[in-house]
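Novice: For reference, the sequence and a predicted model appear below.
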Amino acid sequence: MQFRWYCSLAVVLVAAYVLLPARLPVWRNLALVLLVLTVFADLFVADRDAMAEQDLTWWGWTVKTRDTDFASYYSPSAARFLQSREGEEPFRYLGYDSGLTEGSHLSSPAWFADSETHMLEANGRPMLTGLQSVHGYNPTHISHYDQFMSTLNKGEQNYHFMDVYEKGLASPLLDLLNARYIIVPTDPSQENPDGVGRFERFGSTHPTVYEDNDSKVLENQ
């Protein structure tokens, strides 16, 4: 019923704009403005209804926004530190959790509301912070970059995602990307305890330049 009401109003406004004489510009412009507002309201309401009905949790996705604490989502974090370094020289960064197994996708859009995505500034968060990351999600990656990252990681990954795995941390290709900073959890997840242990040597050669309760930033010198 709501959809039909908006459509009916839109049809009336289109007819009014077309049929009103040119000598009545005020009324024609009013009809056009009301039409734009009607279309916007229709799309806005439809989008909210779709979001309310959407439930992808059975797939393990974390995409809900209505329950997201946006004050926390946009709060200062490791990104604020990296933003303070932008005036020194150009750089890129990556987020990495040594506890995750190879094949896990920090860059998956399914996790944009996940707390780890937030703390590691992964996924599409560089779009919010204005920073440059070497990983992320894009359905149309440049094929040469896919090949580059496959060489860096010594293994391919799904072309939708672009993450750096343990083997990639030791690759000189990471330097070629100018990946100066690595954001890691202050307390790595324990999904892959062996990965946490192997990461300790990497951490010893990459000094910590920032740390808070959730994450820390290592510098690739």
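Specialist: Yep, it's here.
Novice: surely Y159 meets Q147?
Specialist: No. Using Cβ atoms under 8 Å as the test, Y159 is too far from Q147 to be in contact (10.6 Å). For the C-beta atoms, the positions are set from N, CA and C on the backbone; glycine is no exception.
Novice: Who has more neighbours out of the two?
Specialist: Higher neighbour count among Y159 and Q147: Y159, with 14 against 11, using other Cβ atoms under 10 Å.
Novice: what comes into contact with stretch 161-174?
Specialist: With Cβ atoms under 8 Å, 6 or more residues apart in numbering as the test, stretch 161-174 has contacts from 94, 96, 98, 102, 104-108, 134-138, 141, 145-146, 148-149, 151-155, 157, 179, 182, 195, 198-199, 202, 220.
Novice: Restricted to buried residues, select those in ChimeraX.
Specialist: Burial among the contacts of stretch 161-174 is assessed by 16 or more other Cβ atoms under 10 Å; the matching ChimeraX selection reads:
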select :94,96,98,104,105,106,107,108,134,135,136,137,148,149,152,153,157,179,182,195,199,202,220
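Novice: thought F199 was touching S98?
Specialist: Yes. Using Cβ under 8 Å, F199 is in contact with S98, at 3.5 Å.
Novice: hey, what's in contact with both of these two?
Specialist: In contact with both F199 and S98: E166, V184, P188, using Cβ under 8 Å, 6+ apart.
Novice: who does the second one bridge with?
Specialist: Meaning V184. K216 (DSSP bridges).
Novice: if we can go back for a sec, in helices only, show me the contacts of stretch 161-174.
Specialist: Among the contacts of stretch 161-174, the ones falling in helices (DSSP state H) are Y145, D146, F148, M149, T151, L152, N153, G195, R198, F199, F202.
Novice: For the first one, list the residues it contacts.
Specialist: Okay, so that is Y145. So Y145 contacts M162 (Cβ under 8 Å, 6+ apart).
Novice: quick one: it from A78, how far?
Specialist: Using Cβ to Cβ, to the nearest Å, Y145 is found at 24 Å from A78.
Novice: wait, isn't Q157 in contact with M149?
Specialist: Yes. Counting by Cβ under 8 Å, Q157 touches M149, with 7.5 Å between them.
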